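Peer 1: Quick check, what structure comes out for this input:
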Amino acid sequence: MSRGMTGISDVARKAGVSRTTVSHVFSGKRPVAQATRLRVIEAAQALHYNPDSVARGLAMGRSMTIGLVLPTSEDPAVLNPTWLMVLEGLSSAASAAGYGFLIVPADGARPRATGGQERARAAFDGIIVLDPVGRNPLIPQLIRAGIPMVTIGRYLGAVGVPWVDADNVEGIRQLLAHLRAGGYERPALLSVDEEISYVQDIESAFSGALTGQEGAPVIVRTADLSEIEAYEKAAHLLSDPHQRPDAIIAATDRQATGVLRAAHELGLQIPADIGVAGQGDTVIARSSRPALTSIRIQPRKLGAAAVEMLLELIAGGTADDVMIPVDLAVRDSTQGRSRS
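Peer 2: Down below sits the predicted model:
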C-alpha cells in the first residue's frame, strides 16, 4: 500500500478498532486503554500512517511542549538582544519538530510538592533553562521529578546537567589579543554580580591572560546588566587620569553603551584614548557610535542546539555537552590607541 494513500480507516482495520478509537488515540480528546492505544500506534507505524506531529505526541503521551526558564533577574530578559536571538533559534528548531514552548519564570517552574511534579511532567516533555544560577534549587528538583532538561550556559551546582554553551573563554582570549595588537596595555573588565557560568568564564579567562603583568587585573562588577549601572561604574573607573584603564571590556553590548556614554562625558576619544568592546555582536554593537567591537557567540545556534539535545533526551537517548565556537567582530571602538 502506498504511504501517501494510508488513512485512518486502514489503521482502524489493522488494529481491529473503530475509526473513532484511532481518532481518540491521536487527538487525545478521549481516554483510550493503554493496550488499545499501543495496538493503534503499532498499526499506524506498520502502515506508515503519518498524522501531524502534535497528534503523534499525544498518542505517545507527550504534551509537545517545552518549558523555557528564563534567567532570574530583575532586569527584563526582553531587553537583552542576545536572549531574543537565542529564542529565535529555539523557536525555529522546536517548531520544525512539532513542538511549542512555554516561557515560565524560574519560581513558577519549580515543582513545590509531589503534585507539582506530576503537573510539571504533564505540562512539559522537557525543560530548557537559560543561564542557570548555581544556588537556585530549581534544577535538582526538576531532576528528582524526572523531567528531561538541558541548560544554555552550564549549571554550577553539584548536579551535572547536559548543557550548550558558547566558548566564552576563547572569546576573551581573542579579544585581549586584539587589544594588545592595537596598543591597549591596561584593560579592565566590566562584569556582573551573578553566580552563572558565563561570569565565571570571562573573569577567569581575563585574569588568567593578564597574570604576570604589572598590577592586579581590574575587574569591576555591576549589580545588573543595565547601561545605567555600567555608566556609573565606568565613570568611576575613568575619572582618575593616572589610574584609568586604556580599554574596557563589557560583559554585554548593552553594558558597553554605558561605557561609551561615560567616556564621551569625560571628553575621552574612542578609540584613541580608550578602547571599548562588548559581547554578543547584537544590533546594539552594530548601531552604536562608534560601532562596537564585540564577541560573536552565535545565539541562534545555541537555541537550536539546546532543542536538538532536549529532543534526544525526551526520546530516551543521551546527549553530549555542546560548545559553540565564537569569533570576534572588530569595529571602530578598538581600532588602535593614540601613541602620542
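Peer 1: what comes up buried for stretch 226-246?
Peer 2: Of all the residues in stretch 226-246, those buried under the rule 16 or more other Cβ atoms under 10 Å are 226-227, 229-231, 233-235, 237-238, 244-246. Any C-beta I mention is one placed from the backbone N, CA and C, and that applies to glycine too.
Peer 1: Please apply the same query to stretch 131-146.
Peer 2: Of the residues in stretch 131-146, those buried (16+ other Cβ under 10 Å) are 131, 132, 133, 136, 138, 139, 141, 142, 145.
Peer 1: between those residues, which is nearest residue 311?
Peer 2: residue 142 (17.0 Å; Cβ to Cβ).
Peer 1: Touching, the closest one and residue 127? I think so.
Peer 2: Yes: counting by Cβ atoms under 8 Å, residue 142 does reach residue 127; the two are 6.1 Å apart.
Peer 1: got the contact list for the helix or strand hosting residue 174?
Peer 2: Using DSSP states H and E, residue 174 falls within helix 168-181. Helix 168-181 has contacts (Cβ atoms under 8 Å, 6 or more residues apart in numbering) with 187, 198, 201-202, 204-206, 209-210, 247, 249, 275, 277, 279, 293, 295, 297, 325-328, 330, 334.
Peer 1: Could I get the buried residues of stretch 131-146 in JSON lines, plus columns for distance to residue 68 and pLDDT?
Peer 2: As requested, these are exported to JSON lines (distance: Cβ to Cβ, whole Å; pLDDT from 0 to 100):
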{"residue": "131", "distance to residue 68": "12", "pLDDT": "90"}
{"residue": "132", "distance to residue 68": "12", "pLDDT": "89"}
{"residue": "133", "distance to residue 68": "16", "pLDDT": "85"}
{"residue": "136", "distance to residue 68": "15", "pLDDT": "73"}
{"residue": "138", "distance to residue 68": "13", "pLDDT": "79"}
{"residue": "139", "distance to residue 68": "14", "pLDDT": "84"}
{"residue": "141", "distance to residue 68": "17", "pLDDT": "81"}
{"residue": "142", "distance to residue 68": "13", "pLDDT": "83"}
{"residue": "145", "distance to residue 68": "17", "pLDDT": "82"}
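Peer 1: Closest one to residue 285 out of these, please.
Peer 2: Of all the buried residues of stretch 131-146, residue 285 sits closest to residue 131, with 19.6 Å by Cβ to Cβ.
Peer 1: For the closest one, which residues are in contact?
Peer 2: Residue 131 touches 71, 152, 153, 194, 196, 197, 198, counting by Cβ under 8 Å, 6+ apart.
Peer 1: Weed out the non-buried ones from the contacts of helix 168-181.
Peer 2: 187, 198, 201-202, 205-206, 209-210, 247, 249, 275, 277, 279, 293, 295, 297, 326, 328, 330, 334.
Peer 1: low pLDDT regions in the stretch 1-150 of the chain?
Peer 2: Scanning the stretch 1-150 of the chain for pLDDT under 70 picks out 1-6, 26-30, 50-63, 72-79, 105-122.
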